[in-house]
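> can't give you the sequence, but here's the structure:
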């Protein structure tokens, strides 16, 4: 049963990857960006209320939620009481690892944001994020969508939750994906990202969650006396 579920998850990740690649191949990033901006730039780029509602507040809430998850390792509450200590550690580390993974890729990316393109009043030319190492003439560091990962980073938490709280895991995953998409679209309307940036951020965060889960269970299987179940570590 365990290997079947692992195969099913791998198939789901592969199917999602193919959908993201299809979007890349469609070439719809620029046409979608033109819905929100033009040669004079993006009207919402510096709109203070929009930036506060869809950028500053969500970013603060995301860090606050992450801090809460780390505190809940020692002091669980709500549905987190259903999880073993090891699963609560996995949940918190999954969120942190997802944020770090997206940030690391952004820091080495040569892809600039839409608002940096000449077509939108900037200086850069459009270069596919698949053109690794090719400078587009702009500041780069825009791929994948870092702000959307403030919500997408929680998507991988499904892997830590689903064994003992399957219903909560489904709601958790749905909320992370929906809020991530909302934040991604908001950033696109500001000219900060393309749709592909948002989709790649979502896929990367779920993939990181799957990898953390696989590593955690590999360690548990190596633990003497473990039978593949999550160890009920000392809660004191």
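Here it is on my side, so go on. None of these values were measured; they are calculated from a predicted model.

> contacts and neighbour counts: CA atoms only from here.
OK.

> Could you check the pLDDT of the residue lying closest to residue 109 once chain neighbours are set aside?
Counting by Cα to Cα, 6 or more residues apart in numbering, residue 141 is the residue found nearest to residue 109 once chain neighbours are left out, at 4.8 Å. On pLDDT, residue 141 comes in at 95.

> For residue 141, grab the count of nearby residues.
19 (other Cα atoms under 10 Å).

> For residue 59, see how far away it is.
Using Cα to Cα, to the nearest Å, residue 141 is found at 18 Å from residue 59.

> Give me the distance between the longest helix along the chain and the centre of its chain.
Criterion DSSP state H: the longest helix present in the chain is helix 195-222. Relative to its parent chain, helix 195-222 has a centroid offset of 10 Å by Cα atoms, centre = their mean, to the nearest Å.

> got the buried residues for it?
195-210, 212-213, 216-217, 220-221 (16 or more other Cα atoms under 10 Å).

> follow-up on the earlier one: and the residue nearest to residue 109, that one's in a strand?
No: using DSSP: H, G, I helix; E, B strand; the rest coil, the secondary structure at residue 141 is coil, not a strand.

> My read is that it contacts residue 114, right?
No: in this structure residue 141 lies outside contact range of residue 114 using Cα atoms under 8 Å: 11.8 Å.

> residue ranges for the strands of this protein, please.
Applying DSSP state E to the chain gives strands spanning 37-38, 41-42.

> Columns mean neighbour count, mean pLDDT and distance to residue 158 on top of those strands, output as JSON lines?
Formatted as JSON lines, the strands of the chain follow (neighbours: other Cα atoms under 10 Å; pLDDT from 0 to 100; distance: least, Cα to Cα, whole Å):
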{"stretch": "strand 37-38", "mean neighbour count": "19", "mean pLDDT": "94", "distance to residue 158": "36"}
{"stretch": "strand 41-42", "mean neighbour count": "22", "mean pLDDT": "96", "distance to residue 158": "36"}
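
> Mind putting those into JSON lines with distance to residue 167?
JSON lines is the format used below for the strands of the chain (distance: least, Cα to Cα, whole Å):
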{"stretch": "strand 37-38", "distance to residue 167": "40"}
{"stretch": "strand 41-42", "distance to residue 167": "40"}
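
> Just the helices from the protein, written as ranges.
For the chain, helices defined by DSSP H occupy the ranges 2-26, 29-36, 48-51, 57-74, 85-108, 149-152, 158-161, 166-190, 195-222.

> Model confidence for residue 10, exactly?
88.

> what's around it, how many residues?
By other Cα under 10 Å, 14 other residues sit near residue 10.

> try residue 90
As a burial measure, residue 90 scores 24 neighbours (other Cα under 10 Å).
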